[in-house]
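Asks: Mind folding the following:
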Amino acid sequence: MSSLDNPTSTLPIGPVHVALEEPMYFRLDVEGETVRGVELTAGHVHRGMEALALRRTLFQNIVLTERVCSLCSNSHPFTYCMAVENLAGIPVPERALYLRVMAEEIKRVSSHLFNLAVLAHIIGFKSLFMHVMEVREIMQDVKETLYGNRMDLAANCIGGVKYDMDAELTRFLLSSLDRVEGAVRKIAKIYGSDVMILRRTRGVGLFGREDARGLAVVGPVARGSGLPLDVRREAPYAAYPRLSFEVVTEQDGDVHSRAMVRMREMEVSIDILRQCARDLPAGPLSVLLPEIPAGEALARSEAPRGELVYYLRTDGTETPNRLKWRVPSYMNWDALGVMMKDCKVSDIPLIVNSIDPCISCTER
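Replies: Got it, this is the predicted structure:
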């Protein structure tokens, strides 16, 4: 069969495109409506945040790192503070460790709900999109009530946390979790049984276990391909060693599997929050800080999108000598080349959303 019978053309998508949430560029070789080759190009957004970090003190960088990303906004200062604490040998009080976990899991539930809502929006299931966003509003109200802000919580400081929980706030949190848990279970049934959702997500964006291992993907992308990778279990930090929770995995490695991983992880996060509220120890929220010595340190955490790594090097002054972070989207980006090969052009937005990419995190 000649090339005229199967003409291949080039289709550019992005960096500004109605189907994309953030600026990214794909150069696709398409045969009819089928993608035959994928070329990914990053670097359309650069804010110079790592350079800015070298012009601010170790304490000012808590505010800066919280603005790397909105959905992961708590994970960045949390991990950054752990890097400073690891460097200086700062012991964080037990109560603060539990409160840090609570802020992180509240953000995880809210982040997963947003991703699942966008999935419904892309499919064209508008009523489901609005319902999932309505459930997310409960978690947004929780954040505003506990921390005074719906996105950037400002919960962390070096050596502890800046907020506390009393009996009234705990009751509000637990009652809100009851509402969210019931709604999430109903939503999970829809995502697991609705014919329109299953037709658009099952067998789409396939990414096998060996591909996941070979490309070293992280977070729900890895767990959706059957790899039980979770920093909270592999290298426990904060209060996670004292908590009981399941590492959720799915085996099919498609868009639906990655969605269901996030769906089930929300129930795990809700259970973790209840454990923290039940076992929250008494004690101080932070400690007096020593001078930060010269040296280098690393810290890892499990952000909503996967493993987040912070590297810090200091020279004994208040300003870091080097601050670098490796975000989950950076590791998951190359997986799109595998997922999108031989897919339909109409499935590209679904596949991109399934890795939950954050360009503001990646191109810092």
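Asks: Per-residue pLDDT of residue 72, please?
Replies: We have a pLDDT of 89 for residue 72.
Asks: Surely it forms part of a helix?
Replies: No - going by DSSP: H, G, I helix; E, B strand; the rest coil, the assignment for residue 72 is coil, not a helix.
Asks: Distance of it relative to residue 207?
Replies: 22 Å (CB to CB, to the nearest Å). C-beta: built from backbone N, CA, C; applies to glycine.
Asks: With adjacent residues omitted, what lies nearest to residue 126?
Replies: The spatially closest residue to residue 126, leaving aside those adjacent along the chain, is residue 120, at 7.7 Å (CB to CB, 6 or more residues apart in numbering).
Asks: doesn't residue 135 make contact with that neighbour?
Replies: No - judged on CB atoms under 8 Å, residue 120 makes no contact with residue 135 at a distance of 11.7 Å.
Asks: Settle it for me: which of those two has more neighbours?
Replies: residue 120 (24 against 21; other CB atoms under 10 Å).
Asks: The more buried one: what's it in contact with?
Replies: Residue 120 sits next to 126, 128, 129, 132, 197 when contact means CB atoms under 8 Å, 6 or more residues apart in numbering.
Asks: Quick one: list the elements packing against the helix or strand harbouring the third one.
Replies: Secondary-structure element containing residue 129, defined by DSSP states H and E: helix 126-147. Packed against helix 126-147 by the contact rule (3 or more CB pairs under 8 Å, 6 or more residues apart in numbering; DSSP states H and E) you find helix 94-123, helix 167-193.
Asks: Need the contact partners of that helix.
Replies: By CB under 8 Å, 6+ apart, the surrounding residues in contact with helix 126-147 are 103, 106-107, 109-110, 113-114, 116-118, 120-121, 149-151, 153-155, 163, 165, 169, 172-173, 176, 179-180, 183-184, 187, 190.
Asks: buried ones in it?
Replies: 128-129, 131-133, 135-136, 138-140, 142-143, 146-147 (16 or more other CB atoms under 10 Å).
Asks: Show me which of these is closest to residue 52.
Replies: Residue 52 lies nearest to residue 147 out of those, by CB to CB, at 24.1 Å.
Asks: ok, now how distant is the closest one from residue 92?
Replies: Distance, residue 147 to residue 92, using CB to CB: 18 Å.
Asks: try residue 149
Replies: Counting by CB to CB - residue 149 and residue 92 are separated by 22 Å.
Asks: more neighbours, the two?
Replies: Of the pair residue 149 and residue 92, residue 92 is the one with more neighbours under other CB under 10 Å, namely 22 against 13.
Asks: Wait, a helix at that one?
Replies: No - Residue 92 is assigned coil when assessed by three-state DSSP, not a helix.
Asks: Please renumber the chain so that the first residue is 600 from this point on.
Replies: All right, first residue 600 from here; so that's residue 691.
Asks: Model confidence for it, exactly?
Replies: With respect to pLDDT, residue 691 scores 97.
Asks: Export the buried residues of helix 725-746 as JSON lines, with columns for pLDDT and distance to residue 852.
Replies: JSON lines is the format used below for the buried residues of helix 725-746 (pLDDT from 0 to 100; distance: CB to CB, whole Å):
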{"residue": "727", "pLDDT": "97", "distance to residue 852": "23"}
{"residue": "728", "pLDDT": "97", "distance to residue 852": "25"}
{"residue": "730", "pLDDT": "97", "distance to residue 852": "27"}
{"residue": "731", "pLDDT": "98", "distance to residue 852": "23"}
{"residue": "732", "pLDDT": "97", "distance to residue 852": "27"}
{"residue": "734", "pLDDT": "98", "distance to residue 852": "27"}
{"residue": "735", "pLDDT": "97", "distance to residue 852": "26"}
{"residue": "737", "pLDDT": "97", "distance to residue 852": "31"}
{"residue": "738", "pLDDT": "97", "distance to residue 852": "28"}
{"residue": "739", "pLDDT": "97", "distance to residue 852": "31"}
{"residue": "741", "pLDDT": "97", "distance to residue 852": "33"}
{"residue": "742", "pLDDT": "97", "distance to residue 852": "32"}
{"residue": "745", "pLDDT": "96", "distance to residue 852": "36"}
{"residue": "746", "pLDDT": "96", "distance to residue 852": "36"}
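Asks: for those residues, which one is nearest residue 802?
Replies: residue 727 (20.5 Å).
Asks: gap between that closest one and residue 854?
Replies: Taking CB to CB, one finds residue 727 at 15 Å from residue 854.
Asks: What residue, apart from its backbone neighbours, is nearest residue 747 spatially?
Replies: Using CB to CB, 6+ apart, the closest residue to residue 747 is residue 753 (7.8 Å).
Asks: my read: that neighbour touches residue 760, true?
Replies: No - counting by CB under 8 Å, residue 753 sits too far from residue 760 to count as a contact (9.8 Å).
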